[in-house]
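Participant: okay, structure incoming, though there's no sequence with it:
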Ligand code: SF4
């Protein structure tokens with residue numbers, strides 16, 4: 001089903017929930033229990049660019065977003081957020097990524113904080129994970145903020161990765177561990193997300209988690225789904241089956257889009273909810289067939305170069321004749337998630353301000369200008385495919 005550009009009807013997605021998740025308040029929005037499925041999106045603008053960020057919040061709100069996420073990485077972003085807060089009543093969530101200590105400054109300004117268990121290891125090495133979680137919970141509680149424990153395949157807790165278990169196992173175990181850590185602090189106003197760029201994995205890990213902790217509200221999404229329309233189809237293929245099973249209380253469709261078109265994420269989210277509701281499930285089952293898979297992040301304030309969206313588009317175009325080939329190429333906007341999120345791809349590209357890092361599997365091939373990298377990526381792609389064809393069938 002093509003993405004509609006014509007609006008989203010009544011903007012009140014009906015809940016398909018059959019399981020009793022608990023209610024979590026995020027400002028004027030309730031996630032879980034009998035509330036409608038909440039639609040989320042994220043600003044891709046530089047947070048410090050107050051005017052552009054306010055315009056994007058407005059765009060997303062008008063499309064029907066109930067909750068809008070913003071990245072905050074430094075004091076300049078905090079100061080911008082103070083101004084943004086004065087100008088909008090939107091339900092805002094802050095993505096803390098590596099800088100969990102900024103929670104103290106931002107929590108009074110927003111309704112929800114998102115932390116990634118895999119990123120808590122990056123700063124304050126002398127502080128235990130238990131104490132970092134307690135720090136976040138105490139701040140969230142004191143400011144009536146909800147929390148999201150956001151686990152991603154590309155940034156799993158290094159201690160769990162070192163155990164050598166499957167990423168599916170590690171992701172679910174990490175989420176369960178952090179639920180316990182948060183609850184041990186007496187806090188229950190939290191949701192969990194378990195995301196991967198692989199729709200099959202998204203279905204599996206959310207089913208596993210929902211079976212074990214049905215009362216914890218789930219935020220669904222396929223991370224780095226890429227450019228539309230493929231990114232929408234990938235997301236639909238994972239989220240429609242989950243929603244139809246009553247799994248999922250809120251969701252985000254992560255698409256690589258120019259800033260002015262970010263509202264398409266929200267419109268796609270409503271269409272996916274409607275597909276689940278009307279039973280358009282079977283045609284949306286995730287595919288196991290080998291095919292070209294271009295993964296790209298939705299970009300955010302952290303993107304290192306505004307050329308990122310056109311870079312992703314150029315990668316897709318340069319590989320368009322390889323659509324039926326078993327090749328995965330990942331394009332990421334920054335150093336925060338770029339190195340990790342490209343590890344599992346055949347070819348990875350991640351942006352720096354003046355050049356693009358090109359990887360093959362885990363190996364860094366080199367740094368290339370934005371103009372040069374497409375031709376070099378194509379050479380590497382052809383070589384990967386030649387080697388795959390020459391390798392004996394497993
Ligand atoms: S990879 Fe970087 S730029 Fe892209 S969405 Fe993630 S944090 Fe933002």
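Facilitator: Right, received. Where do you want to start? Worth saying up front: this structure is predicted, and the values here are computed from it rather than measured.
Participant: mind checking how far residue 248 is from the ligand?
Facilitator: 21 Å (Cβ to the nearest ligand atom, to the nearest Å). (Each C-beta comes from the backbone N, C-alpha and C, glycine too.)
Participant: my read: that residue touches residue 240, true?
Facilitator: No. At 10.1 Å, residue 248 and residue 240 do not qualify as touching, with contact defined as Cβ atoms under 8 Å.
Participant: residue contacts, residue 20?
Facilitator: Neighbouring residues of residue 20 by Cβ atoms under 8 Å, 6 or more residues apart in numbering: 33, 214-215.
Participant: now, which of the residues you listed sits nearest residue 222?
Facilitator: residue 214 (21.7 Å; Cβ to Cβ).
Participant: quick one, phi psi at residue 89?
Facilitator: Here is the backbone geometry of residue 89 (degrees, to the nearest 10): phi -100, psi 10.
Participant: pLDDT score assigned to it?
Facilitator: Looking at residue 89, its pLDDT stands at 98.
Participant: quick check: the gap between it and residue 110.
Facilitator: Distance of residue 89 to residue 110, computed by Cβ to Cβ, to the nearest Å: 12 Å.
Participant: near the ligand, which residues of the stretch 151-300 of the chain are found?
Facilitator: Counting by Cβ under 6 Å from any ligand atom, the stretch 151-300 of the chain comes close to the ligand at 297-300.
Participant: of those, just the buried ones, PyMOL syntax please.
Facilitator: In PyMOL syntax, the buried subset of these is picked out as below (16 or more other Cβ atoms under 10 Å):
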select buried, resi 297+298+299+300
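Participant: secondary structure and pLDDT added to the residues of the stretch 151-300 of the chain next to the ligand, as TSV?
Facilitator: Formatted as TSV, those follow (DSSP: H, G, I helix; E, B strand; the rest coil; pLDDT from 0 to 100):
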residue	secondary structure	pLDDT
297	coil	95
298	coil	95
299	coil	93
300	coil	94
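Participant: measure how buried residue 362 is and give me the count.
Facilitator: Around residue 362 sit 10 other residues, with neighbours defined as other Cβ atoms under 10 Å.
Participant: could you find the closest non-adjacent residue to it?
Facilitator: Nearest residue to residue 362 in three dimensions, chain neighbours excluded: residue 343, at 5.7 Å (Cβ to Cβ, 6 or more residues apart in numbering).
Participant: tell me which residues touch that neighbour, please.
Facilitator: Residues in contact with residue 343, defined by Cβ under 8 Å, 6+ apart, are 154, 359, 361-362.
Participant: and what of residue 253?
Facilitator: 41, 221-222, 225, 231-232, 235, 265-266, 268-269, 272.
Participant: which regions of the stretch 1-150 of the chain lie under the pLDDT threshold?
Facilitator: Under the criterion pLDDT under 70, the flagged ranges of the stretch 1-150 of the chain are 1-19.
Participant: all strands of it, in order?
Facilitator: Secondary structure of the stretch 1-150 of the chain (DSSP state E, counting those that start in this stretch): strands at 24-26, 29-31, 38-42, 67-71, 92-95, 112-115, 146-152.
Participant: how much space separates residue 101 from the ligand?
Facilitator: 18 Å.
Participant: shouldn't residue 157 be in contact with residue 115?
Facilitator: No. The criterion here is Cβ under 8 Å, and residue 157 misses it with residue 115 at 11.9 Å.
Participant: now do the helices in the stretch 101-250 of the chain.
Facilitator: 103-106, 129-142, 158-161, 167-184, 199-212, 230-244 (DSSP state H, counting those that start in this stretch).
Participant: quick one: those as a markdown table, columns for mean neighbour count and distance to residue 387 too.
Facilitator: Shown next, in a markdown table, are the helices of the stretch 101-250 of the chain (neighbours: other Cβ atoms under 10 Å; distance: least, Cβ to Cβ, whole Å):
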| stretch | mean neighbour count | distance to residue 387 |
| --- | --- | --- |
| helix 103-106 | 20 | 46 |
| helix 129-142 | 18 | 40 |
| helix 158-161 | 14 | 26 |
| helix 167-184 | 19 | 24 |
| helix 199-212 | 20 | 24 |
| helix 230-244 | 24 | 25 |
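Participant: out of these, which is closest to residue 79?
Facilitator: helix 103-106 (9.3 Å).
Participant: show me what the closest one is in contact with.
Facilitator: With Cβ under 8 Å, 6+ apart as the criterion, helix 103-106 contacts 72, 75, 78, 81, 94, 96, 113, 115, 135-136, 139-140.
Participant: any chance of TSV for the residues you listed, columns distance to the ligand?
Facilitator: Shown next, in TSV, are the contacts of helix 103-106 (distance: Cβ to the nearest ligand atom, whole Å):
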residue	distance to the ligand
72	12
75	19
78	17
81	17
94	13
96	11
113	16
115	14
135	22
136	19
139	22
140	21
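Participant: tell me the contacts of residue 219?
Facilitator: Residue 219 neighbours (Cβ under 8 Å, 6+ apart): 31, 40, 148, 150, 191-193, 248-252.
Participant: leaving out the residues flanking it, which one is nearest to the residue nearest in space to the middle of the chain?
Facilitator: For the chain, the residue nearest the mean C-alpha position is residue 223 (4.0 Å; Cα atoms, centre = their mean). Nearest residue to residue 223, sequence neighbours excluded (Cβ to Cβ, 6+ apart): residue 195, at 4.1 Å.
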